[in-house]
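In: Curious how this folds, go ahead:
(2 chains)
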Amino acid sequence: NAGVTQTPKFRVLKTGQSMTLLCAQDMNHEYMYWYRQDPGMGLRLIHYSVGEGTTAKGEVPDGYNVSRLKKQNFLLGLESAAPSQTSVYFCASRLSGTSGTDTQYFGPGTRLTVL
Amino acid sequence: KQEVTQIPAALSVPEGENLVLNCSFTDSAIYNLQWFRQDPGKGLTSLLLIQSSQREQTSGRLNASLDKSSGRSTLYIAASQPGDSATYLCAVRDDKIIFGKGTRLHILP
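Out: So this is what the prediction gives:
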């Protein structure tokens, strides 16, 4: 089991460029999440998905789009990158449902700098 | 809107001491509360998960408690070691998962 993996690990973009971050999990988890982590702000939820083909907005969705075409993958897109999107991005997944027993697993993060 | 607060933001204690980290949340309608550890430049590692029906969970030197009615959780670390130095985050799950901003812990050798 690789767990949750993220691609790429580091990226530098210029303002206005676009890119896609890939999150993959091999645990057959239904729920997947994208967070950003900024100094002094903690982790903030960008978008999430409760299953293949579904997506929903989190706390800070503006400037981002997501897709969940396959259960194991959750893509985060930046159409026109801005310096305010410089951050560390974490993907996470958990099994499913309303049970309180399932643990959330995190990827190693992607460090994105927008110049 | 659920809000999660962690106090203190930073803490330094001598090696060997016992310590308590605090987490509070505003809406008690949660499925569970989870404590994570994050080392600098790394991802998050789950330490303990407490279901809403539980009062506490233990793992080695760590003990986490949950008082849903008062909206509070504590993470107790016994006999602290320099390797415990890290940022500790708590997160509550209702329909989403909301994090606190973390407590940065430094254990002094």
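In: how about the residues of chain A near chain B?
Out: Chain A comes close to chain B at residues A:33, A:35, A:40-45, A:48, A:58, A:90, A:92, A:98-101, A:103-109, as judged by Cβ under 8 Å from any Cβ of the partner chain. Where you see a C-beta, it was placed from the backbone N, CA and C, and this is true even at glycine.
In: Just the buried ones from these?
Out: The neighbour-count test (16 or more other Cβ atoms under 10 Å in any protein chain shown) marks A:33, A:35, A:42-45, A:48, A:58, A:90, A:92, A:100, A:104-109 as buried among the residues of chain A next to chain B.
In: Spatially central, which residue of chain A would that be?
Out: Central residue of chain A (Cα atoms, centre = their mean): A:Trp34, 2.6 Å from the mean position.
In: Which strands border the helix or strand hosting that residue, and is each parallel or antiparallel?
Out: Take DSSP states H and E as the rule and A:Trp34 turns out to sit in strand A:31-38. The strands beside strand A:31-38 in its sheet (DSSP bridges) come out as strand A:42-49 (antiparallel), strand A:87-94 (antiparallel).
In: could you list every residue that touches residue 15?
Out: No chain in the question, so chain A it is. A:Ala81, A:Ala82, A:Pro83, A:Val114, A:Leu115 (Cβ atoms under 8 Å, 6 or more residues apart in numbering or on different chains).
In: Correction: the question concerned chain B.
Out: Listed by Cβ under 8 Å, 6+ apart, the contact set of B:Glu15 reads B:Ser80, B:Gln81, B:Pro82, B:Ile107, B:Leu108, B:Pro109.
In: how does it look with 10 Å?
Out: Neighbouring residues of B:Glu15 by Cβ atoms under 10 Å, 6 or more residues apart in numbering or on different chains: B:Ala79, B:Ser80, B:Gln81, B:Pro82, B:Gly83, B:Asp84, B:Ser85, B:Ile107, B:Leu108, B:Pro109.
In: Remind me what the least confident helix or strand in chain A by mean pLDDT packs against, helices and strands.
Out: Ranked by mean pLDDT, DSSP states H and E, the weakest helix or strand in chain A is strand A:105-106, scoring a mean of 90. Counting contacts by 3 or more Cβ pairs under 10 Å, 6 or more residues apart in numbering or on different chains; DSSP states H and E, strand A:105-106 packs against strand A:4-7, strand A:87-94, strand B:44-51.
In: which residue ranges form the strands in chain B?
Out: With DSSP state E as the criterion, chain B has strands at B:4-7, B:10-14, B:19-25, B:32-38, B:44-51, B:56-59, B:62-67, B:72-77, B:86-93, B:97-99, B:103-108.
In: which bits of chain B sit near chain A?
Out: Proximity of chain B to chain A, by Cβ under 10 Å from any Cβ of the partner chain, involves residues B:1, B:4, B:6, B:9, B:30-34, B:36, B:38, B:41-46, B:48-54, B:87, B:89, B:91, B:93, B:95-102.
In: Which members of those residues are classed as buried?
Out: Among the residues of chain B next to chain A, those buried by neighbour count (16+ other Cβ under 10 Å) are B:4, B:6, B:30-34, B:36, B:38, B:43-44, B:48-52, B:54, B:87, B:89, B:91, B:93, B:97-102.
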